[in-house]
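# Just the structure for this:
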Amino acid sequence: MTLVFEQLLNGVQLGVMLFLLAAGLTLVFGIMGVINLAHGSLYMIGAYAGALVAAKTGSFLIAFPTALLAAAAAGMLMETMVIRRLYARDHLDQVLATFALILIFNELITITFGRQPLFVSVPPLLNGSIELVPGFRYPAYRLAIIVVGLLVGVGLYGLIQHTRVGMLVRAGATHRDMVRALGIDVRLLCTLVFGLGALLAGLAGVMAGPILAVQVGMGEQILIMTFVVVVIGGVGSIRGAFLGALIVGIVDTLLRAFMPSLLRQVMVGSEADALGAGLASMGVYLLMAIVLLVRPRGLFIHGQ
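Next up is the predicted model:
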């Protein structure tokens, strides 16, 4: 039972990381209609900025805001120089252009810092474990990730649904010409929304640093699963991104943890491990297919 509880928490932690990425991605696609394959590169930029500043200063507290600013600045620069020119283009052009950005960012990181992975130490304040129930301890840093992700989720939902800024963002998604006629600078609004999405990706990146290797291409590894979250949750829905991320994170973690051992009950060990790993990798995509069969537009529609 303890192992199941631990894996559930691991799934929630993965889900929170996916939510931070999916929230920015679903905002950009839902509001601007742009498929941004380079969103994972912003996650990588946040991770690298945090790792490099932490290595230079020895302080994660300094590295944390620096990573957020670096990712947000990179995102707004990307929107101003490239993405803005893609709003009126079809999705194929967007895919090709943002895929080119992935290659450019990866090569720039490689040229500047090399291909050697970087490793970040867990902040001393969170370097330990907390006893949640008698006999069960869980890493404090992973709990901190869960708490931060939940707080960001609540804050982002409140921002989009219950503030004037959120009203403009939602209006700009569906009635852009009307918002422009009211005197709102839609171009600036799009840049700020893109910067917010980039900041969330950078937040995910800097928090991933102490538990994953910071390396070139790390953004692409998580981007596919992020798109699965967006599709399951519903394009443009923050609430859908949150729920979809938790579902995907928990399902993926539990399948990878327990599928091989379940198959060993009826199969030879090596065959069970191979088949279990394959089925676990397929699990979230089968889940996505099932959700789309029942709800073709995802769990929540845009604006919910």
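# remind me which residues of the chain are low pLDDT?
Residue ranges of the chain with pLDDT under 70: 1, 170-183, 301-304.
# After whichever helix in it runs longest, which helix or strand is next?
Assignment by DSSP state H gives helix 2-32 as the longest helix of the chain. Sequence order places helix 39-57 as the next helix or strand after helix 2-32, per DSSP states H and E.
# What are the buried residues along that following helix?
39-54 (16 or more other Cβ atoms under 10 Å). Using the backbone N, CA and C atoms, a C-beta is placed for each residue, glycine as well.
# which two from those end up farthest apart in space?
Using Cβ to Cβ, the two most remote members of the buried residues of helix 39-57 are His39 and Ala54, lying 23.2 Å apart.
# Quick check: phi and psi at Ser129.
Ser129 adopts backbone torsions of phi -130, psi 160, taken as degrees, to the nearest 10.
# wait, it sits on Pro139?
Yes - taking contacts as Cβ atoms under 8 Å, Ser129 lies within contact range of Pro139: 5.3 Å.
# The two: which has the busier surroundings?
More crowded of Ser129 and Pro139, by other Cβ atoms under 10 Å: Pro139, with 20 against 14.
# Might you report the residue contacts of that one?
Contacts here follow Cβ atoms under 8 Å, 6 or more residues apart in numbering; on that basis Pro139 touches Gly128, Ser129, Ile130.
# Repeat the analysis, applying 6 Å as the threshold.
Pro139 sits next to Ser129 when contact means Cβ atoms under 6 Å, 6 or more residues apart in numbering.
# let's number from 276 now, not from 1
I'll keep to 276 as the first residue from here, and by that count the last item is Pro414.
# Let me see the backbone angles for it.
Pro414 adopts backbone torsions of phi -50, psi 130, taken as degrees, to the nearest 10.
# Past whatever helix or strand Arg412 lives in, which element shows up next along the chain?
Arg412 belongs to strand 411-414 when assigned by DSSP H and E. Using DSSP H and E, the helix or strand that follows strand 411-414 towards the C-terminus is helix 415-437.
# Using PDB, write out the CA atom coordinates for stretch 428-443.
C-alpha atoms of stretch 428-443 as PDB (Å, rounded to 0.1, in the frame of the first residue of the first chain):
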ATOM      1  CA  GLY A 428      -3.100  26.400 -11.100                       C
ATOM      2  CA  VAL A 429      -5.400  28.200  -8.700                       C
ATOM      3  CA  GLY A 430      -3.800  31.600  -9.500                       C
ATOM      4  CA  LEU A 431      -3.900  31.100 -13.200                       C
ATOM      5  CA  TYR A 432      -7.500  30.000 -13.200                       C
ATOM      6  CA  GLY A 433      -8.400  33.000 -11.100                       C
ATOM      7  CA  LEU A 434      -6.500  35.300 -13.500                       C
ATOM      8  CA  ILE A 435      -8.100  34.000 -16.600                       C
ATOM      9  CA  GLN A 436     -11.700  33.700 -15.300                       C
ATOM     10  CA  HIS A 437     -12.100  36.500 -12.700                       C
ATOM     11  CA  THR A 438      -9.900  39.500 -13.700                       C
ATOM     12  CA  ARG A 439     -10.100  42.200 -16.400                       C
ATOM     13  CA  VAL A 440      -6.900  40.900 -17.900                       C
ATOM     14  CA  GLY A 441      -8.400  37.500 -18.100                       C
ATOM     15  CA  MET A 442     -11.500  38.900 -19.700                       C
ATOM     16  CA  LEU A 443      -9.400  40.600 -22.400                       C
END
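# Now find how far off-centre it is within its chain.
19 Å (Cα atoms, centre = their mean, to the nearest Å).
# Residues in contact with it: which ones?
Under the contact criterion Cβ under 6 Å, 6+ apart, stretch 428-443 has outside partners Ala298, Ile513, Phe517.
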